[in-house]
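Trainee: Could you work out the structure for the sequence below:
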Amino acid sequence: MIKASIAVTRVVNSCVLLELDGHAVLTDPWFTERWWLRRGEPLGLRISELPPLAAVVVTNPATNHWDLRGLRALPAKDTTPLYVPTLGMARRARTLGFTRAEPVRWGQTRAIAPGVSMRVVPAGRTLAWPNNAYAFAAAGGRVFFGGEIAEVTPLERYRAEQPPVDLALLPVNGLRPLSGPRLVMGPGQAVAGSSVLGARVLVPVHDAHGHDPLSRLFRTDGTASDAARLAGPDLLVTNLPTGMRWELPC
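Mentor: Alright, predicted model coming up:
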């Protein structure tokens, strides 16, 4: 009998290995750096170290959320469901052997394993593409993952129709171009969003920012440590180093 539990291992950026009652889900895969795009923190797991996956979910087509080059090495490409925001992303994945790549739209739901369900949540847009967030429900608890979300409003809309979550994974570095709107939440928005979701724990993602040519075009305005300082007594901010496995307390 599988124990009802939730576990998190942060890989890098918004790439996280979630264990939902023993079923593994990988978010926003990023395993290979480019000369123009660096991690800014150690890689927590390699592709070869991943367990068998019930699903891979992707929030948007940015390279540090959608490393299809790195995913080529995944052993079970032909059997692992891969959920993405756009038809073009799904088509590209299928040409590389991901026969179960599927575009999913806001509001859609999927059963990704026995007793584990997933809902696709609106997370705004970056330029022309939609950003997906994902809410998971399992016996061990409810988890909200927003790898590229900038505002609290979509979370308020979600919470108006859905039950509270136990764990929120939200961005905290407030990344934005030198001139332009914020692309992801800063620490204040992450704390406020976690409270809106009813979460008792926030695990920050999208925190580090590498020093590379692309980074010169962007700036950040917060860290996971800032989120921990801003959180009230009802929210535990768990700042996970990459590679450390952490279980949600019962």
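Trainee: only C-alpha atoms for contact and neighbour calcs from this point on.
Mentor: Fine.
Trainee: Skipping its backbone neighbours, what lies nearest the residue most central in space within the chain in space?
Mentor: Geometric centre of the chain, nearest residue: residue 147, 3.7 Å, by Cα atoms, centre = their mean. Of all residues not flanking residue 147 in the chain, residue 14 sits nearest, at 5.3 Å (Cα to Cα, 6 or more residues apart in numbering).
Trainee: Can you report how many residues neighbour residue 126?
Mentor: Neighbours of residue 126 under the rule other Cα atoms under 10 Å: 18.
Trainee: got a list of what it touches?
Mentor: Counting by Cα atoms under 8 Å, 6 or more residues apart in numbering, residue 126 touches residue 183.
Trainee: which helix of this protein spans the most residues?
Mentor: Assignment by DSSP state H gives helix 187-197 as the longest helix of the chain.
Trainee: Any stretches of this structure with poor pLDDT?
Mentor: 1-2 (pLDDT under 70).
Trainee: Let me know whether residue 148 touches residue 183 as I believe.
Mentor: Yes: here residue 148 reaches residue 183: they are 7.2 Å apart, a contact under Cα atoms under 8 Å.
Trainee: contacting residues around stretch 81-96?
Mentor: 54-61, 68, 72, 98-105, 129-132.
Trainee: redo that, cut-off 7 Å
Mentor: 55-60, 72, 100-105, 130-132 (Cα atoms under 7 Å, 6 or more residues apart in numbering).
Trainee: Give me the subset of those that lies in strands.
Mentor: Mapping these onto strands (DSSP state E) picks out 55-57, 101-103, 130-132.
Trainee: Quick one: the helices in the chain, in order.
Mentor: Counting by DSSP H, the helices of the chain are 68-71, 87-95, 153-161, 187-197, 224-230.
Trainee: Quick one: closest of the ones you listed to residue 172.
Mentor: Nearest to residue 172, of all those, is helix 187-197, at 4.6 Å by Cα to Cα.
Trainee: Determine the set of other helices and strands touching the closest one.
Mentor: Applying 3 or more Cα pairs under 7 Å, 6 or more residues apart in numbering; DSSP states H and E, one finds that helix 187-197 contacts helix 153-161, strand 167-171, helix 224-230.
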